[in-house]
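In: 3D, please:
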Amino acid sequence: MQFFKPKTKLLLALDISTSGVRAALFWAHKGAKPEVVKVFKSNAKFLAKGGFTELRHGIYGALDDILKRIHKESSPHNIEGALVSFSSPWYFAAPRAAEISEREEIFEITEKLVEDKLRSEKDLMKKELAQRFKVVEDELLVLEASLMKSYINGYGVRNIYGKKAKSVSMHVYVSAVFREMAEDIKRKIAGVFGTEDVHFHTAPLILFNKIRENFKEEAFMIVEVGEEVTDVSLVRGDVIQEIASFARGSNFLTRHAASYFKISPEEAVSYINMYSAGHLDADVALKMQNIMSEGLQEWKNFFAQVMTGFYETSFVPEKVFMFGPSVMLKYFAEAASSRDFAKFVYVDSTKVEQLKPEAVKEEFFRGYGLKTHEETMISFLVLFYNEHVWQTPESNFA
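Out: Numbering: from 1, shown residues only. All right, here's what the predicted structure looks like:
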């Protein structure tokens, strides 16, 4: 059955989370809004423990499954390009400060000058990451070296090219992944769809880009609760200043419930869903409430450690944008809103906003309805791909 109408270009957005893959197939219209056709999801097999090697094998299985389904449903149309976004633990990232100075007192800022500087930042980043994580430099592939904010002679400037300056300083976001994993994913996409046009980016940059653009905030935190890992990005002064993560996500709560009730993780997910919907018997619901509270307290302890680290350098913003699994997100949001964190933000509590695709619905053409919290990341990814990769040359777009 053919459900596609001929459009400009059919593209694929893929979100690689801790132990699952989400995807959106969409028509890209030149100079217009993207039109989502369908959203796909494939989860890796639930693991008793989330080891890196086991997680990667699970991701490969989930990716193979989702690519086959997309290929079957998109036929006979050709998918002409793909963008892949990595969430933790699949990427390394670090914000950096970079300076450009020339021998001349005043010089012109050219694209080549900036590109050369960003290239050197990539090389430095690769060396630092290799030393920090004890890997060989050639094992890493640097994905992004993107400008977040630039200053000419100490003044913030949006577009620096072609201007004269005595000094230029830049806030740069640099990220990397394991080269082997990126090449494996690109090979799988090419093998199914025949396209070599595959772009790689990371979740913190994509989320930061859209939040800054849509909400006009200059200081906030981004909290992405994954299956195994929670990522926290600190934004101050309109730039990502720090990124931290800790190994507690939604699967931690699931394992906690499974252990208490002596049931499988799949059954535990069902229990949590029924608890959230108010469909458990009163005595079981009370037990589940205690289990969730215990698990969330441990998550809060790790979150507090991250906040403490941020607090050591400067103030912690009270505004928090949170992403995560639809059913459990409200519980993590309540935990992040705890008065326990008031000492970091100088107010009674953080102000947590659980984002849904509704926040950006006006940026989409009519089509498939993106609704749940879980689909927010893929909606942001589609918009990022459409605007910053396909519509314009892929360069310093942050």
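In: Just confirm Glu196 is within a helix.
Out: No: the assignment for Glu196, made by DSSP: H, G, I helix; E, B strand; the rest coil, is coil rather than a helix.
In: Return the residues in contact with it.
Out: 186, 190 (Cβ atoms under 8 Å, 6 or more residues apart in numbering). Where C-beta positions appear, they are placed from N, C-alpha and C, glycine not excepted.
In: And it, how close does it get to Met328?
Out: Relative to Met328, Glu196 is positioned 38 Å away (Cβ to Cβ, to the nearest Å).
In: Equivalent analysis for Thr110, please.
Out: 49 Å.
In: Which one's more surrounded, the two?
Out: Between Thr110 and Met328, counting by other Cβ atoms under 10 Å, Met328 is the more crowded of the two (24 against 13).
In: Secondary structure element holding Gln305?
Out: helix 282-311 (DSSP states H and E).
In: how far does that helix sit from the chain's center?
Out: 23 Å (Cα atoms, centre = their mean, to the nearest Å).
In: List the buried residues of it.
Out: Buried positions in helix 282-311, judged by neighbour count with 16 or more other Cβ atoms under 10 Å: 287-288, 291-292, 295-296, 299-300, 302-304, 306-307, 310-311.
In: Point out where the stretch 251-398 of the chain drops to low pLDDT.
Out: In the predicted model of the stretch 251-398 of the chain, residues 367, 391-398 satisfy pLDDT under 70.
In: can you pull the contacts of the residue nearest the centre of the chain?
Out: Residue closest to the average C-alpha location in the chain (Cα atoms, centre = their mean): Ala203, at 2.0 Å. The contact partners of Ala203, by Cβ under 8 Å, 6+ apart, come to 15, 85-88, 91, 224, 231, 377.
In: Same question for Phe303.
Out: Here Phe303 is in contact with 223, 230, 232, 246, 335-336, 341 (criterion: Cβ under 8 Å, 6+ apart).
In: export those to JSON lines and tack on secondary structure and distance to His256?
Out: Shown next, in JSON lines, are those (DSSP: H, G, I helix; E, B strand; the rest coil; distance: Cβ to Cβ, whole Å):
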{"residue": "Val223", "secondary structure": "strand", "distance to His256": "20"}
{"residue": "Thr230", "secondary structure": "strand", "distance to His256": "15"}
{"residue": "Val232", "secondary structure": "strand", "distance to His256": "21"}
{"residue": "Phe246", "secondary structure": "strand", "distance to His256": "16"}
{"residue": "Ala335", "secondary structure": "helix", "distance to His256": "14"}
{"residue": "Ala336", "secondary structure": "helix", "distance to His256": "18"}
{"residue": "Phe341", "secondary structure": "helix", "distance to His256": "22"}
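In: Out of those, flag the one nearest to Met125.
Out: Ranked by distance to Met125 (Cβ to Cβ), the contacts of Phe303 are led by Val232 at 20.1 Å.
In: Run a quick neighbour tally on the closest residue in space to Met328 that isn't next to it in sequence.
Out: Using Cβ to Cβ, 6 or more residues apart in numbering and skipping the chain neighbours, the partner closest in space to Met328 is Ser250 (4.9 Å). Counted with other Cβ under 10 Å, the neighbours of Ser250 add up to 25.
In: when you give positions from now on, start the count at 69
Out: From this message on, residue numbering opens at 69, which makes the last subject Ser318.
In: May I ask you to confirm that Ser318 is in contact with Phe391?
Out: No: judged on Cβ atoms under 8 Å, Ser318 makes no contact with Phe391 at a distance of 11.5 Å.
In: Now for the two: what residues contact both?
Out: Common neighbours of Ser318 and Phe391 (Cβ under 8 Å, 6+ apart) are Val293.
In: what's the offset of stretch 79-88 from the middle of its chain?
Out: So, by Cα atoms, centre = their mean, the centroid of stretch 79-88 is 10 Å from its chain's centroid.
In: what's the first-to-last distance across it?
Out: 20 Å (Cα to Cα, to the nearest Å).
In: Which strands or helices does the helix or strand where Lys194 lies pack on?
Out: Using DSSP H and E, Lys194 sits in helix 179-201. When contacts are defined as 3 or more Cβ pairs under 8 Å, 6 or more residues apart in numbering; DSSP states H and E, helix 179-201 sits against strand 160-168, strand 208-220, strand 236-246.
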